[in-house]
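In: Just a sequence and a predicted model for now, questions to come.
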Amino acid sequence: MLRAPFRRLIDPALPTPPDAFRRGPFRAGVFRSALRSERLTSQLGLWLGIAFGTCFLTGLISHLIQHPPGWFWWPSRPVWLYRATQGIHVATGLATVPLLGAKLWSVYPRLFTWPPARTVVHTLERGSVAVLVAAALFQVVTGILNVARWYTPMGFFFTTAHYWTAWLAIGALLLHIAVQLPVIRRGLADRAPEPATGGLSRRGLLATVAGSAVLITVATAGETVPALNAVSVLGPRRPDTGPQHLPVNTSARNAQVVAAATDPAYRLRISGPAGTRLLSLADLDALPQHTASLPIACVEGWSADAVWTGIRVADLLALVGVPDGNAQVLVESLQQHSRYASSILAPPHARDPLTLLARKLHGQPLALDHGYPLRLIAPNRPGVLQTKCVAALTAADR
Ligand SMILES: Nc1nc2c(c(=O)[nH]1)N[C@H]1C(S)=C(S)[C@@H](COP(=O)(O)O)O[C@H]1N2
Ligand SMILES: [Mo]
């Protein structure tokens, strides 16, 4: 422990405001619920920490796949891995709604302790809690808006804001845990019998919060888990609705690709070390066709299995001098001016025999809205990278 004089030097006490200001919620004994305790707060905090940590890590994975730094490597198998990590990201994010609500309820009287600021360090610590609360609420609200596909209230680009605020939240959370560790330890170790309050008990409250978290998860997980479809009352997406029993994210009309996609002069352009080839739809249909069952797993939290038939990307790359599909490939859409108009296929995905430029969905010609005449479908990859209406494949020099 620091010696008192030294402590006063680095962390001077702040003056206490006059008692006349001690009004409203600042009065002593205003908050009387016997339910609030270090034990309750610590238990809620532990669950919240687990949910938040899981949400952060799965979100980080999603971000790294979409904006891969040089060191990052993501496999193409198992085919369902991204579907699972993104499903968990959205589910744990939604589960924080009741957890965060209960946690904030259990500590909000501390906003009104007297004096409001004791020392400089105490004030900074209070400030970091304010940052944590604000960042956590921002993440939950923007995440829900994104799942609901309601971008209008967000005057910023969701992905960037959600990503950087996550770092802010996790930093403030780690600081908060470090500062509160003694209290957390004490709270979690507390086994004393509870005073009978007559009302809701601590266990009752915890059960209610856990029940709400489970309910929210079950009511939305149907976007991803087919068995929960029927009870997915809060999920904005039904994974089985849409043309060819598959949801559509951007329609061909909204993407302004109808004319280009239906143009009889359409040619797929493939470029590699051996030059450039232009292939007509007839050329493409004359190549060996393969069928793969692969999900579309959207970052928004919905996902759906589908059966795709088309040409292996590795076979197409072989035509322009790339052996075994071993290349980094730029996939460009007929669509212009969109964040989704192109994507990069890393070598593990480019060479995977399940990676196709699909001509068919569930055995029928691909609908315009699903990316006619040709759409990329690769295993273990976010939906936003499954480029529709492909115009060109370009293998990068390696
Ligand atoms: N050209 C293009 N490709 C695209 C998109 C797009 O807007 N334009 N949306 C992407 C997103 S976000 C998803 S989830 C999937 C959805 O595919 P689907 O509409 O066939 O279900 O397509 C991806 N490919
Ligand atoms: Mo998506």
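Out: Perfect, thanks for sending it. All values reported here derive from a predicted model rather than from experimental measurement. Ligands and ions are numbered 1, 2, ... in the order given.
In: near ligand 2, which residues of the stretch 101-250 of the chain show up?
Out: Contact residues (CB under 5 Å from the ion) of the stretch 101-250 of the chain with ligand 2: Asn249. Where C-beta positions appear, they are placed from N, C-alpha and C, glycine not excepted.
In: Where does the stretch 101-250 of the chain get nearest to ligand 1, residue-wise?
Out: Residue nearest to ligand 1 within the stretch 101-250 of the chain: Thr250 (3.4 Å; CB to the nearest ligand atom).
In: Quick check, pLDDT for that residue.
Out: We note a pLDDT of 90 for Thr250 in this prediction.
In: Distance-wise, check it relative to Cys389.
Out: Here the distance between Thr250 and Cys389 works out to 10 Å (CB to CB, to the nearest Å).
In: likewise Asp11?
Out: 62 Å.
In: neighbour-wise, which of those two wins?
Out: Neighbour tally, Asp11 and Cys389, criterion other CB atoms under 10 Å: the higher count belongs to Cys389, 25 against 16.
In: The more buried one and Ala261 touch, don't they?
Out: Yes. At 5.1 Å, Cys389 counts as touching Ala261 under the criterion of CB atoms under 8 Å.
In: and for the two, which residues touch both?
Out: Contact criterion CB atoms under 8 Å, 6 or more residues apart in numbering; residues shared by Cys389 and Ala261: 252, 334, 372-373.
In: Validate this expectation: Trp308 resides in a strand.
Out: Yes. Using DSSP: H, G, I helix; E, B strand; the rest coil, the assignment for Trp308 is a strand.
In: Can you give me the neighbour number for it?
Out: Trp308 has 25 neighbours, counted by other CB under 10 Å.
In: Ok, the one 3 residues further on next?
Out: A count of nearby residues for Ile311, using other CB under 10 Å, gives 22.
In: What is the burial count for Asn229?
Out: Asn229: 15 surrounding residues under other CB under 10 Å.
In: got the contact list for it?
Out: With CB under 8 Å, 6+ apart as the criterion, the residues that contact Asn229 are 222, 238-240.
In: Is Asp305 within a helix or a strand, and which one?
Out: Assigning secondary structure by DSSP states H and E places Asp305 in strand 303-312.
In: Can you list the strands that that strand pairs with?
Out: Based on DSSP bridges, the strands next to strand 303-312 in the sheet, each with its direction, are strand 290-297 (antiparallel), strand 356-361 (antiparallel).
In: Any stretches of the chain with poor pLDDT?
Out: Of all residues in the chain, those with pLDDT under 70 make up the ranges 1-2, 397-398.
In: How about the residues of it by ligand 1?
Out: Residues of the chain that fall close to ligand 1, judged by CB under 6 Å from any ligand atom: 246-250, 255, 296, 298, 333, 335, 338, 340-341, 370-371, 383-384, 386-389.
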